[in-house]
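**Q** Sequence first, predicted coordinates after that:
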Amino acid sequence: MKKTILLLILAFALLIPSAAWAALPEIPAYSGETVIELNHNVPGFTPEEMTAQDYISYSELDELGRCGQATACLSRKALPTALRGEITGGLPAGWVEARYDDVIDGYYLYSRCHLISYDLGGRNDDARNFLTGTRCLNTRGLQPYEEKISDYLHRTSNHVLYRVTPVYEGDNLLAKGVQLEAYSVEDSGKTVSFNVFAYNVQPGVIIDYATGESERDPDYVTPEQAAAAAAAAEAALSADGPASTDATPAPAVTRRPLISLESLDSLGKERKDIPPGTTYVFDQKTFTFHATTCPAVDDIYNMNKEFFTGSRDEAIIRGYSPCSRCNP
């Protein structure tokens, strides 16, 4: 009887579309970071999956035309030697043509994002190997990890296990994002080992994941607009009176200081030595502050973004830490 039940469970599992399996990981809602770590950045490959034999496996499209999980064991000998050709197949599920010239570098919102990139040996013109992904997902989410694997494969004769899992919510045509797992086999993950989730988002654009339709986010502030606001704020501080400008002034900081400004002397700093007039961007979720030109500013969700004009010490006193990327 137990054997019959197990066989029935197995048979039922095989009937579930691969994309349904892809929806199993519990992924937090997007909060401004393009990529987050899962399981402390440890990939979930089992001992049975460990191999040093080259292969690539794709899931069949589900009933909605969505691609599913792709897995591979990659090596240098399987890397392409010819330039990538044209993609002649149809558009992936959720593709609705749109361009936003003022907020997207490259203008167009969507790309055919390969699960296993052509540079890693993936098929170029196979509907099972690409999904509708934003430019942000493609350039900030997938490419840095693909390049990490590619660099390792070109430098060694070793293998990398790689698994790419699109994650959908319900019957949405557009994936919420993609889970990426990799593990360098011969050195037991010492060189390549990660487990991350890259969100299928685009700063400045509101996306309907059920259909792929999109619209510009009216509250989004472009880096150019932020720089203009910062320049206007600095000009106002250096003038005797308010600067004459059409730019919207930067909002006042509302986060309460953790240390009073009067306590600067006790920290060995003279108040008169603190230069005024520098504008920073506060991330009120991570409590970090950035230079206005920092690339990380684009990833800060608008509701968490705040402009502050003052000194670096005052930003720290208000409870914020300097960004390790731009080191303002």
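**A** Yes, it's here.

**Q** CA atoms for contacts and neighbours, from now on please.
**A** Noted.

**Q** list the helices and strands whatever helix or strand residue 74 lives in packs on?
**A** Remark: residue 74 resides in strand 70-75, with elements defined by DSSP states H and E. Applying 3 or more CA pairs under 8 Å, 6 or more residues apart in numbering; DSSP states H and E, one finds that strand 70-75 makes contact with strand 55-58, strand 159-167.

**Q** Out of those, indicate the one that is most buried.
**A** Ranked by mean neighbour count, these are led by strand 159-167 with a mean of 26 (mean count of other CA atoms under 10 Å).

**Q** which other helices and strands contact that strand?
**A** helix 18-22, strand 70-75, helix 143-155, strand 177-184.

**Q** what about 6 Å?
**A** Strand 159-167 sits against helix 18-22, strand 70-75, strand 177-184, with contacts defined as 3 or more CA pairs under 6 Å, 6 or more residues apart in numbering; DSSP states H and E.

**Q** And the nearest residue to residue 294 once chain neighbours are set aside, how far from residue 191?
**A** In space, and not counting its chain neighbours, residue 294 is closest to residue 326: 5.8 Å by CA to CA, 6 or more residues apart in numbering. Separation of residue 326 from residue 191 (CA to CA, to the nearest Å) stands at 26 Å.

**Q** Quick one: the helices in the stretch 101-250 of the chain, in order.
**A** Secondary structure of the stretch 101-250 of the chain (DSSP state H, counting those that start in this stretch): helices at 135-136, 143-155, 223-238.

**Q** want to throw those into TSV with mean neighbour count, distance to residue 59 and mean pLDDT?
**A** Below are these laid out as TSV (neighbours: other CA atoms under 10 Å; distance: least, CA to CA, whole Å; pLDDT from 0 to 100):
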stretch	mean neighbour count	distance to residue 59	mean pLDDT
helix 135-136	23	24	96
helix 143-155	16	20	96
helix 223-238	18	40	82
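
**Q** could those helices go into CSV alongside distance to residue 55?
**A** Shown next, in CSV, are those (distance: least, CA to CA, whole Å):
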stretch, distance to residue 55
helix 135-136, 28
helix 143-155, 15
helix 223-238, 43
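
**Q** Which among the ones you listed is found nearest to residue 58?
**A** helix 143-155 (17.3 Å; CA to CA).

**Q** Where does pLDDT dip in the protein?
**A** Counting by pLDDT under 70, the chain shows low-confidence ranges at 1-25, 240-277, 301-304.

**Q** thinking again about what came up before, distance of the residue nearest to residue 294 from residue 69?
**A** From residue 326 across to residue 69, the span is 36 Å (CA to CA).
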